[in-house]
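**Student:** A predicted structure for the sequence below; I have some questions about it.
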Amino acid sequence: MNISLKNKNAIVCGSSQGIGKAIAMQFAESGANVTLLARNEDGLKTVLKELKNENQKHGYLVADFDNSDNLFKTITEFLNNNPPVHILVNNTGGPNPGLAIDANVEDYFCAFNRHLICNQILTKAVSHGMKKENYGRVINIISTSVKQPIQGLGVSNTIRGAVANWAKTLSFELAPFGITVNNVLPGATSTQRLQNIISNKSKKLLKDENEIEEDLKKEIPAGRFGMPEELGYAVTFLASDKACYINGINLPVDGGRTLSL
């Protein structure tokens with residue numbers, strides 16, 4: 001099976017590092033025109049240079065998901081001056097670890113804005129062009145906490161569930177226009193966020209970070225952490241025409257760690 005994204009225009013959020021970068025790299029490898037989106041312009045410039053380019057049109061947008069008004073202006077201006085977007089990957093860093101009961105109301109507002117509100121702004125903006133093209137892929141990078149809440153990630157568990165239900169609702173509404181909406185749920189993946197979680201657990205439990213890491217791996221049937229590029233492969237398939245009949249799903253990419261069906 002040949003998976004090609006040639007002549008497809010994609011926006012990948014959170015693509016200056018980690019999972020977002022890996023997705024952007026795989027999209028470019030598969031022939032897509034990739035627009036990176038993140039707040040770190042230096043990081044975006046670095047990734048842009050690394051993207052495979054065979055007469056493709058790559059670029060980047062600088063936007064901070066803590067400023068939804070600015071994000072709206074940025075995406076509106078971009079769409080007014082560029083061809084329609086066929087693929088949107090909604091992806092942003094998760095809320096800080098901590099117990100749900102200990103979180104401030106502001107923590108919930110901030111996470112809700114970063115994840116659901118910004119996702120809505122981007123998806124609504126690009127959906128008009130997707131409808132005209134009769135082709136669209138909206139792929140949300142969420143978390144396995146959608147299926148099984150993760151202890152110590154109270155705000156994240158809460159917000160991820162909201163995003164998953166939002167996405168499922170959109171999958172009903174947009175399917176008649178050739179647009180699919182799916183969620184990819186990363187498990188423990190070798191990123192800076194995972195390292196931060198390990199470090200926080202180490203300090204809280206007064207245990208060595210290597211010991212924390214090995215304990216986490218024991219919870220994974222595959223016996224290891226995932227690699228960002230493995231998420232990239234899954235997302236690239238969902239973004240392709242080969243996945244046209246897959247819609248409204250939550251796809252765990254977690255080495256079998258999630259216990260629920």
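**Tutor:** Cool, the structure landed.
**Student:** any idea how far the closest residue to residue 192 other than its chain neighbours lies from residue 134?
**Tutor:** The shortest distance from residue 192 to any non-neighbouring residue, by C-beta to C-beta, 6 or more residues apart in numbering, is to residue 18 (6.3 Å). Bear in mind the C-beta positions are built from the backbone N, C-alpha and C, glycine included. Counting by C-beta to C-beta, to the nearest Å, the gap between residue 18 and residue 134 amounts to 32 Å.
**Student:** and for residue 25?
**Tutor:** Relative to residue 134, residue 25 is positioned 28 Å away (C-beta to C-beta).
**Student:** neighbour-wise, which of those two wins?
**Tutor:** residue 25 (21 against 10; other C-beta atoms under 10 Å).
**Student:** can I take it that that one is in a strand?
**Tutor:** No. Residue 25 is assigned helix when assessed by DSSP: H, G, I helix; E, B strand; the rest coil, not a strand.
**Student:** I figured it hits residue 232, correct?
**Tutor:** Yes. When contacts are counted by C-beta atoms under 8 Å, residue 25 is listed as touching residue 232 (6.5 Å).
**Student:** quick one: contacts for residue 6?
**Tutor:** 30, 31, 32 (C-beta atoms under 8 Å, 6 or more residues apart in numbering).
**Student:** for the last one, which non-adjacent residue is closest in space?
**Tutor:** Taking C-beta to C-beta, 6+ apart, and ignoring the residues beside it in sequence, residue 32 has residue 5 as its nearest neighbour in space, at 3.8 Å.
**Student:** was I right to think that neighbour contacts residue 238?
**Tutor:** No. With contact defined as C-beta under 8 Å, residue 5 does not reach residue 238; the gap is 11.1 Å.
**Student:** next, count neighbours for residue 101.
**Tutor:** Neighbour tally, residue 101, other C-beta under 10 Å: 6.
**Student:** mind putting the contacts of residue 6 in CSV, pLDDT and neighbour count included?
**Tutor:** Conversion of the contacts of residue 6 to CSV gives the following (pLDDT from 0 to 100; neighbours: other C-beta atoms under 10 Å):
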residue, pLDDT, neighbour count
30, 98, 22
31, 98, 17
32, 99, 28
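**Student:** dump the helix or strand encompassing residue 77 to PDB, restricted to CA.
**Tutor:** Element membership for residue 77 (DSSP states H and E) is helix 68-80. Only the C-alpha atoms of helix 68-80 are listed here, as PDB (Å, rounded to 0.1, in the frame of the first residue of the first chain):
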ATOM      1  CA  SER A  68      -6.900  32.700  21.000                       C
ATOM      2  CA  ASP A  69      -7.700  36.100  19.500                       C
ATOM      3  CA  ASN A  70      -4.300  36.300  17.900                       C
ATOM      4  CA  LEU A  71      -4.600  32.700  16.700                       C
ATOM      5  CA  PHE A  72      -7.900  33.600  14.900                       C
ATOM      6  CA  LYS A  73      -6.200  36.600  13.200                       C
ATOM      7  CA  THR A  74      -3.200  34.500  12.200                       C
ATOM      8  CA  ILE A  75      -5.200  31.600  10.600                       C
ATOM      9  CA  THR A  76      -7.700  34.000   8.900                       C
ATOM     10  CA  GLU A  77      -4.900  36.000   7.200                       C
ATOM     11  CA  PHE A  78      -3.200  32.700   6.200                       C
ATOM     12  CA  LEU A  79      -6.300  31.300   4.600                       C
ATOM     13  CA  ASN A  80      -7.100  34.500   2.800                       C
END
